[in-house]
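Q: Requesting a structural model of the entry that follows:
(2 chains)
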Amino acid sequence: MQEDLLHGAISCTAIVQYFLSNIQAQQHLNVFLSVYDKEALTQAIVVDQKIKNGKAGKLAGLIVGIKDVLAYKDHPLQAASKMLNGFYSQYTATAVQRLLDEDAIIIGRQNCDEFAMGSSNENSAFGSVLNAIDNNRVPGGSSGGSAVAVMADMCHVSLGSDTGGSVRQPAAFCGVLGLKPTYSRISRHGLVAFGSSFDCIGIFGNHVDDVALVLEQIAGADEFDSTVSQNVVSSYSNQLTETQKFSIAYIPETIENPALQPEIKATIEKKLGQLKEAGHQVEPVNFPLMDYCLPTYYILATAEASANLSRYDGVRYGHRSADAGDLTQLYKQSRTECFGGEVKRRILLGTYILSASYYDTYYAKAQKVRRLIREQTKALFQKYDILIMPTTPTTAFPLGKNTDDPMAMYLADIYSVHANVAGIPGISVPCGVDHQGLPIGLQLLADDFEEGKLLAFADFLMKLKGDV
Amino acid sequence: MLKESIRDKYKVVIGLEVHAQLSTVSKIFSSESVSFGGSPNTNISVVNLAHPGTLPKLNKKALEYAIKMGLVCQSKISRYNIFDRKNYFYPDLPKGYQLTQDRTPICIGGYVPITLKDGRQKDIILNRIHLEEDAGKLIHDQDSVYSLVDLNRAGTPLIEIVTEPVLSTSEEAAAFLTEVRQRVRYLDICDGNMEEGSLRCDANISIMLKDAKTFGKKVEIKNMNSIRYVQKAIDFEIERQIEEVERGNSIISETRMFDITSGKTYGMRAKEELNDYRYFPDPDLSPVIVSEEWLNSIMESLPLMAYDLHKKFTELYGLPQYDAQVLTDSKEIALYFEELCQRTKHYKAASNWMMGPVKAYLKTLTNKASEIPVRPVILAELIDLVEAGKLSFSIASQQVFPVLAEKQGTSALEVAQQLNVLQESDTGSLMPIIEEVINSYPQKVAEYKSGKKGIIAMFMGEVMKRSKGKADPKLASELLSKKLEVL
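A: Modelled structure (predicted):
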């Protein structure tokens, strides 16, 4: 597409208009909280001019949607929460700025679960996002809007955030690519915090090369984030064509899990067979800590979240209760009135976990388990390039199915949290559909900073798809 | 006042927590400047205001300053540093948690020696020195309904110096604070100004019967913004606690404020329901490693401290303890004196000058300039002139010094010449005057010869008068005696 742009076969303005009309036509999906239509069109004219003058940036013509957890100066930012009603960001997230610097166009702000907490996008203060294939089903969460936007042709790529699977799980439910890079690969400056030691900005796209191109632009050192990696960013998009034989591992328990939808099991088994036939090394591995990933994740992420969300107190910005008589009431009422049920649940859970009498039982122990999981995971990648497992136990479930059962909802992340607990990169690759036509996602995981290998393998797998 | 006998039944246990605001250029976790006296909410940023998505970034200068303090207190320096979140809600705390060092304080242990009035020495053992961020300020008196929040101060780097509960009197507390203040000032890491809050002290006080095995309930006192008030508050609190216990009441573990006007402490909030701060390591800050190399460079950059200079002044310059004590009291004076001693070898005379005329002159200055207006090289010249007998001390201090202070840069000799006050210290110019005086008073000479030796004072007075005060008294007296003897 970029070649067409450069040769003048298509204009950036036309692309923006195309996406805007798709957004307009599919408003019922509730994907965008704000559409920056005028700005996007104005910017498109600027970019078209730059292309003519041969001065366009590397992402000229790329239209991006951003999840409502990414700061964009002078634009609303509210993490799909009433708590931040009327809040406009005064600065731009590093990742967003790097897109803008290369002439990408931001088309709008996307709906998501409140403060990125949820697996179905039913926790948004602005209502659920609907799955474009079946409007009675969820798109997954928490980056549901970002996934559907790419699925329903409303932008080329979306930036989401992935704390426990919030990019990969909705990608699987929506039949698109969803990449969660290595923890610290992309600066978190400007990403609304949920679980700081897990939070990653992730990328949705329909094509591996789009995802690779965006990653190589937004990743890397940043003076605003002391935890970001200083590792050099490779040219991922140029590594896609490299052909090699991969050594692939799978954990039998993840496939034999009785909770796994049989069609997903069949798909993954078939893929493993195909890979073996194509000459790749495919082996089962032991990973006894798999069952500990989910509890470890929920203990640590909620603990961090309970502190991260303390700043929403009604004092400096956002919602302040209208009838608070004193300071304690101001805090209690402002927070009670505006946080949704799931956010409250996680704040309470995290607060409990960190309380002096339970700290050692939960937080300290979970930290130890996390270290073990990371060590075992690193050991696995000493021997294998790629670990394959399902992205989700089921395909997209009906709206309202799990809303009254938080434990069932949390299980939707059972395969995705491993990457966040270990800090490794993972990508969900669309891999066929079930009998109802609902997309199935296959999850690929690699060692720290092996995004190049991961994307190359994903590309290979996407091309293999035709053979299924 | 309590009876001595009652007081003697109890042992007093005091621990201090001293907060010192570090004088770094920018805040501890963000880049806006640390400065005082600006309009409310002008030194703030999105990081400071805890806007969504913002992250802290450690100002390494703050860590360096804390390490300096640790090094001069013989603390162990932690090589692996993380920050913890201390969670509580208050409007002056934008993030809803304070970043502090709970588990890995930058400095562990150490001690600060103090000298008491009776000359007794005591090492005050430190528990730790850790880094943390200051909170903002609430202003209650500007609006009738609302309290206002000023976040200029929020994020200012602080070190908290925590002692073990090893102090037992208010005098020890005052001596400790004086020593700490001197150290931060010598290190140039904090201005040490308690009135403006750059140095703040909380005291934990408890009492116990002398044979008791467990400590009494501790009471924390806040809001003491001078060393004198710290002393007063502790004294009041000790008496209050003993009186309570003597009356059969028990002490409540609480925070009390010191009221300057009444000199009393009063209860603020009961600490019954222990605040659970839910400390945990901040995942937004990557751990900071203090390398051997960095630590060494900090060590090498340490300035001479009061105790170093005290030692030098007594051992190398042979000054009395008292002189060394006075001279090292303030860093400016000590460093000035040290430079002075590079220019003159008359150390004791130089010390007398510092403690006498220089100090007196500084007192007359209306603006509290800490800088001595006469450069050390010029003062040294003046001291040498006096020591060489070319100027009398009184003329040098009363006439020459003030001119030197006014006209900076002029040499002492030049000024003395202009004022025409140089002493006639050569025999050649003095002899004619002496002979003139002797010739004028034959009667008095006869009296002298007959044994009234005291009359020489009259001759001296006359010599000084005729020389217009320029005669070197020592030389003149010598020459006069000799002349009278040979007559």
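
Q: Contact distance from chain A - what residues of the stretch 101-250 of chain B qualify?
A: Proximity of the stretch 101-250 of chain B to chain A, by C-beta under 8 Å from any C-beta of the partner chain, involves residues B:Val149. Yep, even glycine has a C-beta here, placed from its N, CA and C like the rest.

Q: residue in the stretch 101-250 of chain B nearest to chain A?
A: Residue of the stretch 101-250 of chain B nearest chain A, by C-beta to the nearest C-beta: B:Val149 (6.9 Å).

Q: any idea whether that residue is helix, strand or coil?
A: strand (DSSP: H, G, I helix; E, B strand; the rest coil).

Q: Now do the closest residue in space to it that isn't next to it in sequence against B:Met268, distance only.
A: Sequence neighbours aside, B:Pro91 is the residue nearest to B:Val149 in space, at 5.0 Å (criterion: C-beta to C-beta, 6 or more residues apart in numbering or on different chains). Counting by C-beta to C-beta, to the nearest Å, the gap from B:Pro91 to B:Met268 is 17 Å.

Q: So for these two, which residue has more residues nearby?
A: Between B:Pro91 and B:Met268, B:Pro91 has the larger neighbour count (other C-beta atoms under 10 Å in any protein chain shown), namely 20 against 14.

Q: you'd agree the more buried one is in a helix?
A: No - read with three-state DSSP, B:Pro91 is coil and lies in no helix.

Q: distance of the residue of the stretch 101-250 of chain B closest to chain A from B:Thr255?
A: 21 Å.

Q: Give me the more crowded residue out of these two.
A: Counted by other C-beta under 10 Å, B:Val149 and B:Thr255 do not tie: B:Val149 has more neighbours, with 20 against 17.

Q: For the more buried one, which residues are in contact?
A: Counting by C-beta atoms under 8 Å, 6 or more residues apart in numbering or on different chains, B:Val149 makes contact with A:315-316, B:41, B:91-92, B:136-139.

Q: Narrow those to those in strands?
A: B:137-139 (DSSP state E).

Q: Now for the nearest residue to A:Gly220 once chain neighbours are set aside, how many residues are close by?
A: Nearest residue to A:Gly220 in three dimensions, chain neighbours excluded: A:Val233, at 4.4 Å (C-beta to C-beta, 6+ apart). By the measure other C-beta under 10 Å, the count of residues near A:Val233 is 18.

Q: I'd like to know how far A:Val233 sits from chain B.
A: Applying C-beta to the nearest C-beta, to the nearest Å, the value for A:Val233 to chain B is 18 Å.

Q: burial measure for whatever residue of the stretch 51-200 of chain B ends up closest to chain A, as a count.
A: Shortest the stretch 51-200 of chain B-to-chain A distance, computed as C-beta to the nearest C-beta: residue-wise this is B:Gly96, at 2.4 Å. Here the number of neighbours of B:Gly96 (other C-beta under 10 Å) works out to 21.

Q: Excluding chain neighbours, what is closest to it?
A: A:Ser310 (2.4 Å).

Q: SS state for the one you found?
A: Applying three-state DSSP: A:Ser310 is helix.

Q: Is it in contact with B:Tyr90, as I believe?
A: No - with contact defined as C-beta atoms under 8 Å, A:Ser310 and B:Tyr90 do not form a contacting pair (10.6 Å).

Q: And those two? Which one has more around it.
A: A:Ser310 (22 against 16).

Q: Name the next helix or strand downstream of the helix or strand containing A:Ala95, please.
A: Take DSSP states H and E as the rule and A:Ala95 turns out to sit in helix A:94-101. Following helix A:94-101 in sequence order, the next helix or strand is strand A:105-110 (DSSP H and E).

Q: Does that following strand reach chain B?
A: No - Strand A:105-110 stays clear of chain B (C-beta under 8 Å from any C-beta), getting no nearer than 13.2 Å.

Q: on that earlier part again, redo the ones in strands among the contacts of B:Val149 as JSON lines? Include pLDDT, distance to B:Pro442 and neighbour count.
A: Formatted as JSON lines, the ones in strands among the contacts of B:Val149 follow (pLDDT from 0 to 100; distance: C-beta to C-beta, whole Å; neighbours: other C-beta atoms under 10 Å in any protein chain shown):
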{"residue": "B:Lys137", "pLDDT": "93", "distance to B:Pro442": "85", "neighbour count": "16"}
{"residue": "B:Leu138", "pLDDT": "92", "distance to B:Pro442": "89", "neighbour count": "13"}
{"residue": "B:Ile139", "pLDDT": "91", "distance to B:Pro442": "86", "neighbour count": "13"}
